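Trainee: Got a predicted model here, sequence first, then my questions.
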Amino acid sequence: MKISEIFNTSDRAIFSFEMFPPKKTSPIESVYGKLEEICALKPDFISVTYGAGGTGAHSRTCEIASKIKNEFGVESVAHLTCVNSTKVEIDSTLADFKAHNIENILALRGDYVDGVEPKKDFIYASELCEYIKEHSEHSDFDLGGACYPEVHLEAKDEVEDILNLRKKVEAGAEHLISQLFFDNSVFYRFLERAKIAGINVPIEAGIMPVTNKSQIERMVSMCGASLPSKFVKIMQKYDSKPEALRDAGIAYAVEQIVDLLANGVDGIHLYTMNNPYVARKISEAVVSLL
Ligand code: FAD
């Protein structure tokens, strides 16, 4: 089923998950147990990330997204980055996705990778959306895109970023998933900017339950998410108590989600970090509120 159809036919907020394939050095089977447990929670869909390196990166994404859909019966979305791929490589990846019955793509630019020369066929995610929609062999893929409540790190300012986001929607992105954030007011301001810019597609709020210290440091350096003092206090207090930190991280995410749902968001996209325990605890806490 296409994700835009899920949004169109649902009378409640959508609840989706994100998972990532294991590193190339680990066997793909190492994620199967977690996959089964996470799929058993029956989210509306699960999206599967795509390695940043371009060529060859798609096969694990394809395999996991296919398993989620074809074995476990949960709709899946394959992430696809374009900055390190040629058009021919994108054609072949999309053909592979189609052969595995995958109907939904999260169309991304991807990050530049040290030591990898970008291929230059695609500069922005909107160009990937345009390319897919303009080629009849690909055009029936349903497309989603990424968005940044705290502004993409490379953008000049929030006005430029929101106008660029509108280009991505005009190019075919039918729904958006946000970068993680810890301060809901940042997301509400972003929704206002999107509305003013005429962006009318559903926007899911990306929620990352923080369950260990190194995860916080990595996330903040990678995406620049601001940390409200309430959040920092919790993290400092339970810094050296892993179980308490995990439980506090889950409680914080649940509180964020309850507030977002009460404010009528289109959907919640939970970055599960492949952790079935965390995904289950949060699902159980919010499922009756959707
Ligand atoms: P774009 O939408 O192309 O935007 C990138 C920058 O270019 C922005 O600053 C934007 O303002 C600017 N821009 C866009 N269009 C134009 C234009 N026409 N003219 C001038 N400037 C423009 N990375 C991975 O490698 N694999 C993944 O699986 C993955 N999944 C993600 C999932 C989500 C929900 C999110 C939020 C991010 C994900 N990323 C992933 C990270 C993403 O690849 C990076 O954030 C990347 O830097 C930007 O990708 P994008 O698709 O948002 O780019």
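Mentor: Good, I have the coordinates. All figures in this text were calculated on a predicted structure; none of them were measured in a lab.

Trainee: How many neighbouring residues does Leu180 have?
Mentor: 22 (other CB atoms under 10 Å). C-beta coordinates here come from the backbone N, C-alpha and C atoms, glycine included.

Trainee: which ones are touching it?
Mentor: Gly206, Ile207, Met208, Met219, Cys223, Ala225, Tyr271 (CB atoms under 8 Å, 6 or more residues apart in numbering).

Trainee: Mind listing residues that contact stretch 1-9?
Mentor: 14, 44-45, 75, 77, 103-104, 142, 144, 174-175, 202, 266-267.

Trainee: where exactly do the strands run in the stretch 101-250 of the chain?
Mentor: With strands called from DSSP state E, counting those that start in this stretch, the stretch 101-250 of the chain shows them at 104-108, 142-147, 175-180, 203-207.

Trainee: For the second one, which helices and strands make contact with it?
Mentor: Applying 3 or more CB pairs under 8 Å, 6 or more residues apart in numbering; DSSP states H and E, we find strand 142-147 packed against helix 3-9, strand 104-108, helix 125-134, helix 158-170, strand 175-180.

Trainee: quick one, that strand and strand 203-207 angle?
Mentor: Using axes from the mean of the first three to the mean of the last three CA atoms, to 10 degrees, the inter-axis angle of strand 142-147 relative to strand 203-207 is 60 degrees.

Trainee: chain center to strand 142-147: distance?
Mentor: 9 Å (CA atoms, centre = their mean, to the nearest Å).

Trainee: Quick one: work out the angle between that strand and strand 175-180.
Mentor: 30 degrees.

Trainee: Tell me which residues are up against strand 142-147.
Mentor: Looking at what lies outside strand 142-147 - CB under 8 Å, 6+ apart - the contacts are 2-5, 47, 77, 103-108, 125, 129, 132-133, 165, 168-169, 172-179, 190, 194, 203.

Trainee: Now, of the residues you listed, which are buried?
Mentor: Among those, those classed as buried by 16 or more other CB atoms under 10 Å are 2-4, 47, 77, 103-108, 125, 129, 132-133, 165, 168-169, 172-179, 190, 194, 203.

Trainee: ok, which of those residues also contact the ligand?
Mentor: Among those, the residues within reach of the ligand (CB under 6 Å from any ligand atom) are Leu108, Ala125, Lys168, Ile177, Gln179.

Trainee: Now do the same contact list for the fourth one.
Mentor: Read that as Ile177. Contacts of Ile177 (CB under 8 Å, 6+ apart): Ser16, Ser47, Leu106, Gly144, Gly145, Ala146, Cys147, Ile203, Glu204, Gly206, His269.

Trainee: make it 7 Å
Mentor: Ile177 is in contact with Leu106, Gly144, Ala146, Glu204, Gly206, His269, counting by CB atoms under 7 Å, 6 or more residues apart in numbering.

Trainee: out of those residues, which is most surrounded?
Mentor: Most surrounded of those: other CB under 10 Å gives Gly144, at 29 neighbours.
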